[in-house]
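Peer 1: next one to model:
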Amino acid sequence: MGILSGCDKLSIPWPWQKKEVIQIKIDGVPSTGKEPMLMIDDQLEPLTKPTYELIKRDLYDCKGMVAPWLQNLLVAELNFLAEKSKLKLIEKPVCLLNVDKDESPKNGRFSIHFYKDAEELKACVFHQHCESERNVSLILKNQLVFRSYFLSDFKREKFYQHCVTSEGKWIANTTCYTVEN
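Peer 2: Okay, here's the model as predicted:
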């Protein structure tokens, strides 16, 4: 009887499905700035040529493409989330903007990846040999930008996804694609 009761139509979430919302405010890290988030035109195209061109995406150095205040915010939030997940923090990472050629901004066309150094960037991007992942997809929802985080430690087989809304509300264990605004 106890086993069959798990098949009941009650919508009791599993522990990993629990979506607790917490406001994130990191001291000394502004969540806005005078520069636009990304240097893109009205058609949402980058204003400069890519550093690397791949078949399905173009890669840009974050310098000149991603506002410094946004980079600082993303690194601070990544470290906050890494600490909560007991993962290594990142210090002075190398930053790369990925622009997916086939996606829209609602589907994560723009993602920002962080690597501990240039060697890790090359190993991960060009040889698909990554020790860890630290990236953020910028998701456009009703003219607001949500930040969908992916963190991993491949050696320990640990993977985490989190969503931070445009107001800085953190929803753990989910992507922003599934979050209603």
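Peer 1: for the rest of this, base every contact and every neighbour count on C-alpha atoms.
Peer 2: Noted.
Peer 1: contacts only, for the residue positioned nearest the centre of the chain.
Peer 2: In the chain, the centroid-proximal residue (Cα atoms, centre = their mean) is Val136; its distance is 1.5 Å. Shown in contact with Val136 (Cα atoms under 8 Å, 6 or more residues apart in numbering): Leu74, Ser111, Ile112, His113, Arg147, Ser148, Tyr149, Phe150.
Peer 1: give me that answer again for 6 Å
Peer 2: Ser111, Ile112, Ser148, Tyr149 (Cα atoms under 6 Å, 6 or more residues apart in numbering).
Peer 1: what bridges to it?
Peer 2: Bridge pairing for Val136 (DSSP bridges) gives the partners Ile112, Tyr149.
Peer 1: use 784 as the first number for this chain going forward.
Peer 2: With 784 as the first residue, the last one maps to Val919.
Peer 1: quick check: the gap between it and Leu934.
Peer 2: Distance from Val919 to Leu934, counting by Cα to Cα, to the nearest Å: 9 Å.
Peer 1: before we move on, the earlier item: let me know the pLDDT of the residue nearest to the centre of the chain.
Peer 2: Looking at Val919, its pLDDT is 96.
Peer 1: what about the spatially closest residue to Lys938 that is not a sequence neighbour, how many neighbours?
Peer 2: Spatial nearest neighbour of Lys938, excluding adjacent residues (Cα to Cα, 6 or more residues apart in numbering): Glu914 at 6.6 Å. By the criterion of other Cα atoms under 10 Å, Glu914 has 14 neighbours.
Peer 1: over to Pro888?
Peer 2: The burial count for Pro888: 17, using other Cα under 10 Å.
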